[in-house]
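Enquirer: need a structure here:
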Amino acid sequence: MTFVLPTVTEKSDGSPRHVGLEFEFAGMDINEAAAAVCEVFGGTPCEDGTFVCRVENTAYGNFSVELDSSLLRSKGYISLLRDIGIDLDASQEKRIERFLLDVAEELVPYEVVAPPIPMTELDSMDDLREALHRRKAKGTRASILYAFGLQFNIEPPDLSVATLTNFLKAFLLCYPWLREAADIDVSRVLSPFIDKFPSGYTRLVTDPEYMPADIKFLIDSYLDSNSTRNRPLDCLPLFAHLDRDRVMSRAREKHLIKPRPAFHYRLPNCLIDDPNWRIADEWALWTEVDELSRRPDTLAAMAEDFQNTPGFPFDLFTSSWKEKVPVWLGRA
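Expert: I've put the predicted structure just below:
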């Protein structure tokens with residue numbers, strides 16, 4: 001399946017816009033997942049301890065396959081054991097890691113983290129999905145305990161305050177429709193990872209008059225309501241790229257923030273064991289946000305309509321808004 005492309009596939013300096021993808025799944029070990037990456041992209045697998053394997057020197061750079069637990073990857077459990085007087089030798093550490101891996105595999109996903117690739121070359125990511133599917137990877141709906149997601153790291157065309165603000169406006173206006181269109185699994189709805197933006201913040205940003213004077217104001221107003229990474233559009237990595245000290249002084253989960261010039265879109269399920277599921281379909285929903293962000297007149301009119309919706313901005317009363325969004329997007 002061909003990926004739908006937004007109108008703007010280049011940044012303001014003429015270089016390609018890039019997208020990084022992160023797949024969460026279970027059902028195979030780390031070496032099998034690395035083999036799937038090598039099958040599609042080439043490269044050389046290099047183990048980096050029990051919980052991480054890197055696939056180096058692919059055409060796009062280095063991929064990482066890892067257990068999605070920072071405590072295990074950083075070996076934080078070793079310091080916890082030392083705190084209670086237990087020092088491990090190398091052999092004991094290896095046995096403990098095998099035990100932790102066996103336990104963690106039941107609940108903690110493996111994650112393939114792809115390097116940023118040009119937006120125009122995303123088709124290869126569905127080849128990786130197919131390679132993982134053939135190896136029996138399990139996705140979001142394989143267990144009520146699996147709140148696995150597919151995450152896109154999306155470069156905006158530029159990092160101006162107007163561009164970033166318009167992306168936020170477009171996302172918040174589309175969110176009720178996006179959530180329904182993506183058919184978000186109940187396990188993910190109940191998890192904290194994609195907690196919706198607070199209604200006060202939605203009200204602030206979708207005000208047609210809202211346009212911060214500078215990046216500092218944009219970041220501060222975001223942090224006032226969203227000091228966590230647990231949002232369906234996580235902006236902390238992007239804002240930390242622009243002003244690391246400002247973000248790190250107020251954010252929670254600082255150890256999880258990796259500064260980069262990209263939005264972290266983490267709403268979609270990862271249904272990798274469903275033969276009919278396609279990454280291109282999830283991406284196509286995002287491109288509606290991308291396109292809307294470039295239409296300031298439509299954004300302003302749509303925002304005014306949204307704020308006048310009965311019950312705004314509470315979900316209980318916004319079913320009519322979910323029906324209006326496709327009309328504004330020209331899909332109805």
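
Enquirer: okay, now the closest residue to Leu242 other than its chain neighbours: neighbour count?
Expert: In space, and not counting its chain neighbours, Leu242 is closest to Ile215: 5.6 Å by Cβ to Cβ, 6 or more residues apart in numbering. Every residue, glycine included, has its C-beta placed from N, CA and C. A total of 17 residues lie near Ile215 under the criterion other Cβ atoms under 10 Å.

Enquirer: Ile215 and Ala162 touch, don't they?
Expert: No: the pair Ile215 and Ala162 does not pass the contact test of Cβ atoms under 8 Å, sitting 10.5 Å apart.

Enquirer: So, low pLDDT: which residues of the stretch 101-250 of the chain?
Expert: Flagging of the stretch 101-250 of the chain using pLDDT under 70 yields the residue ranges 101-108.

Enquirer: Would you map the helices across it?
Expert: Ranges of helices in the stretch 101-250 of the chain, per DSSP state H, counting those that start in this stretch, are 123-134, 161-181, 186-190, 199-205, 215-225, 236-242, 244-248.

Enquirer: got JSON lines for those, with distance to Ala34 too?
Expert: What follows is the helices of the stretch 101-250 of the chain, written out as JSON lines (distance: least, Cβ to Cβ, whole Å):
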{"stretch": "helix 123-134", "distance to Ala34": "11"}
{"stretch": "helix 161-181", "distance to Ala34": "32"}
{"stretch": "helix 186-190", "distance to Ala34": "26"}
{"stretch": "helix 199-205", "distance to Ala34": "40"}
{"stretch": "helix 215-225", "distance to Ala34": "36"}
{"stretch": "helix 236-242", "distance to Ala34": "25"}
{"stretch": "helix 244-248", "distance to Ala34": "31"}
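
Enquirer: of these, which approaches Ile117 most closely?
Expert: helix 123-134 (7.2 Å; Cβ to Cβ).

Enquirer: can you pull the buried residues of that closest one?
Expert: Residues 125-126, 128-133 are the ones in helix 123-134 that count as buried (16 or more other Cβ atoms under 10 Å).

Enquirer: Equivalent analysis for stretch 24-35, please.
Expert: In stretch 24-35, counting by 16+ other Cβ under 10 Å, buried: 24-28, 30, 33-35.

Enquirer: how about TSV for those residues, with secondary structure added?
Expert: Formatted as TSV, these follow (DSSP: H, G, I helix; E, B strand; the rest coil):
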residue	secondary structure
Glu24	strand
Phe25	strand
Ala26	strand
Gly27	coil
Met28	coil
Ile30	helix
Ala33	helix
Ala34	helix
Ala35	helix
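
Enquirer: and those residues, which two are the farthest apart?
Expert: The widest separation within the buried residues of stretch 24-35 (Cβ to Cβ) is 18.1 Å, between Glu24 and Ala35.

Enquirer: Okay, strands next: where are they in this structure?
Expert: 18-25, 44-47, 52-58, 61-67, 110-113, 117-118, 150-154, 233-234, 263-265 (DSSP state E).

Enquirer: Can I get those in a markdown table including distance to Gln307?
Expert: A markdown table is the format used below for the strands of the chain (distance: least, Cβ to Cβ, whole Å):
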| stretch | distance to Gln307 |
| --- | --- |
| strand 18-25 | 31 |
| strand 44-47 | 52 |
| strand 52-58 | 46 |
| strand 61-67 | 42 |
| strand 110-113 | 38 |
| strand 117-118 | 37 |
| strand 150-154 | 26 |
| strand 233-234 | 20 |
| strand 263-265 | 23 |
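
Enquirer: out of these, which comes closest to Ala170?
Expert: Of the strands of the chain, nearest to Ala170 by Cβ to Cβ is strand 233-234, at 9.9 Å.

Enquirer: Quickly run through the sheet partners of that closest one, with directions.
Expert: Here strand 233-234 is paired, per DSSP bridges, with strand 263-265 (antiparallel).

Enquirer: Just the buried residues of the partner strand, please?
Expert: 263-265.

Enquirer: Looking at these, spot the one nearest Leu204.
Expert: Phe263 (18.4 Å).

Enquirer: Pro6 reaches Val289, doesn't it?
Expert: No: with contact defined as Cβ under 8 Å, Pro6 does not reach Val289; the gap is 9.1 Å.

Enquirer: higher neighbour count, these two?
Expert: Val289 (24 against 18).

Enquirer: Who are the contact partners of that one?
Expert: Applying Cβ atoms under 8 Å, 6 or more residues apart in numbering, we find Val289 in contact with 167, 170-171, 174, 178.

Enquirer: Let me know the distance separating it from Glu39.
Expert: 32 Å (Cβ to Cβ, to the nearest Å).

Enquirer: What count of nearby residues applies to the nearest residue to Arg179 once chain neighbours are set aside?
Expert: Excluding the flanking residues, the one nearest Arg179 by Cβ to Cβ, 6+ apart is Leu267, at 6.9 Å. Using other Cβ under 10 Å, Leu267 has 25 neighbouring residues.

Enquirer: One more: Thr50?
Expert: Thr50: 18 neighbours (other Cβ under 10 Å).

Enquirer: go on, Cys46?
Expert: Counted with other Cβ under 10 Å, Cys46 comes out at 13.
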